[in-house]
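*Asks:* quick check, what structure comes out for this input:
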Amino acid sequence: MVLLQPTYFPPICQYVEIANAKEIIFEVEDNFQKQTYRNRCYIYTADGKHLLNVPIQHAKGIKEKTKDVKIDYKYDWNKLHLKTLQTAYNSSPFFEFYIDELKLVFEKRFTFLLDLNLKCHELIMDALQLQTPFRITSEYQKEPKMLDARILATAKIKDQFILERYIQGFQQNKGFLSNLSILDLLFMEGPNALNYLENQTINY
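*Replies:* Below is the predicted model:
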């Protein structure tokens with residue numbers, strides 16, 4: 001059993017824990033924090049590491065729980081994210097296997113960030129052919145009696161989680177980038193992605 005934050009197309013390290021878990025619990029009763037993977041992910045483009053950020057509606061002076069945060073659609077960020085992914089990964093070995101399902105995520109307008117993130121999780125689990133059950137918290141887990149992996153959602157932590165190399169689209173020019181979005185691994189490794197995840201170890 002592992003406790004995680006629901007995040008936007010999560011970093012690979014998060015799915016290392018999921019691939020080795022019997023049950024997933026998503027923390028949704030905590031206060032939303034900025035600069036985390038809750039509403040961002042990093043992919044590999046021709047220019048190197050690239051941020052995809054989901055804009056949210058900010059409640060001034062009010063702390064919001066993760067489950068209550070709403071997405072801001074003042075501009076078509078979803079279309080931009082899809083176009084960026086297509087440009088970056090169109091020639092990757094397994095992109096065509098997942099693009100149709102990916103389009104469905106970006107074509108739907110989710111009100112709450114949590115719903116978007118859970119849909120992202122559902123897509124990734126289907127792609128990995130994993131059926132690990134999950135549930136969400138009903139109260140904040142201050143001292144969880146399970147593996148607490150919520151720190152994996154903290155985007156400020158740099159280069160802490162070093163993973164084994166796999167072939168990436170632009171590594172010849174930019175080198176290997178560790179712990180990008182799980183999408184990078186899926187597009188490059190396809191069905192072998194699960195085997196890769198099961199053979200990684202995360203040190204906290």
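*Asks:* select the longest helix from this protein.
*Replies:* helix 113-128 (DSSP state H).
*Asks:* show me what that one is packed up against.
*Replies:* Helices and strands touching helix 113-128, as assessed by 3 or more CB pairs under 8 Å, 6 or more residues apart in numbering; DSSP states H and E, comprise helix 12-19, helix 95-107, helix 182-189, helix 193-198. (Glycine included, C-beta is placed from N, CA and C.)
*Asks:* phi, psi of residue 85?
*Replies:* phi -60, psi -40 (degrees, to the nearest 10).
*Asks:* and residue 182, what does it touch?
*Replies:* 9, 10, 11, 12, 14, 15, 124, 193 (CB atoms under 8 Å, 6 or more residues apart in numbering).
*Asks:* my bad, should have said residue 201
*Replies:* residue 16.
*Asks:* quick one on the thing from earlier: what lies in contact with the very next helix or strand once past the longest helix of the chain?
*Replies:* Downstream of helix 113-128, the next assigned helix or strand under DSSP states H and E is strand 134-136. Contact partners of strand 134-136, identified using CB under 8 Å, 6+ apart, comprise 6, 23, 24, 25, 26, 27, 28, 67, 121.
*Asks:* just the residues contacting the helix or strand bottoming out on mean pLDDT in the chain, thanks.
*Replies:* Least confident element among the helices and strands of the chain, by mean pLDDT, DSSP states H and E: helix 171-174 (a mean of 87). Where contact means CB under 8 Å, 6+ apart, the residues beyond helix 171-174 that reach it are 44, 46, 48, 177.
*Asks:* ok, the last one - contacts?
*Replies:* The reference is to residue 177. 42, 44, 48, 49, 168, 171, 184.
*Asks:* quick one on the thing from earlier: please tabulate the helices and strands packed on helix 113-128 in a markdown table, including the columns mean pLDDT and distance to residue 154.
*Replies:* Formatted as a markdown table, the helices and strands packed on helix 113-128 follow (pLDDT from 0 to 100; distance: least, CB to CB, whole Å):
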| stretch | mean pLDDT | distance to residue 154 |
| --- | --- | --- |
| helix 12-19 | 96 | 11 |
| helix 95-107 | 96 | 24 |
| helix 182-189 | 98 | 17 |
| helix 193-198 | 96 | 20 |
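*Asks:* can you give me the end-to-end distance of stretch 154-169?
*Replies:* One end of stretch 154-169 to the other measures 25 Å (CA to CA, to the nearest Å).
*Asks:* quick check: mean pLDDT of that stretch?
*Replies:* Averaged across stretch 154-169, pLDDT comes to 81.
*Asks:* residues touching that stretch, excluding its own?
*Replies:* 11-13, 16, 35-37, 40, 44, 88-89, 91-92, 151-152, 176-179, 184-185, 187-189, 196, 199-200, 202-203.
*Asks:* pull the number of nearby residues for the closest residue to residue 5 other than its chain neighbours.
*Replies:* Of all residues not flanking residue 5 in the chain, residue 153 sits nearest, at 3.5 Å (CB to CB, 6 or more residues apart in numbering). When neighbours are counted by other CB atoms under 10 Å, residue 153 registers 23.
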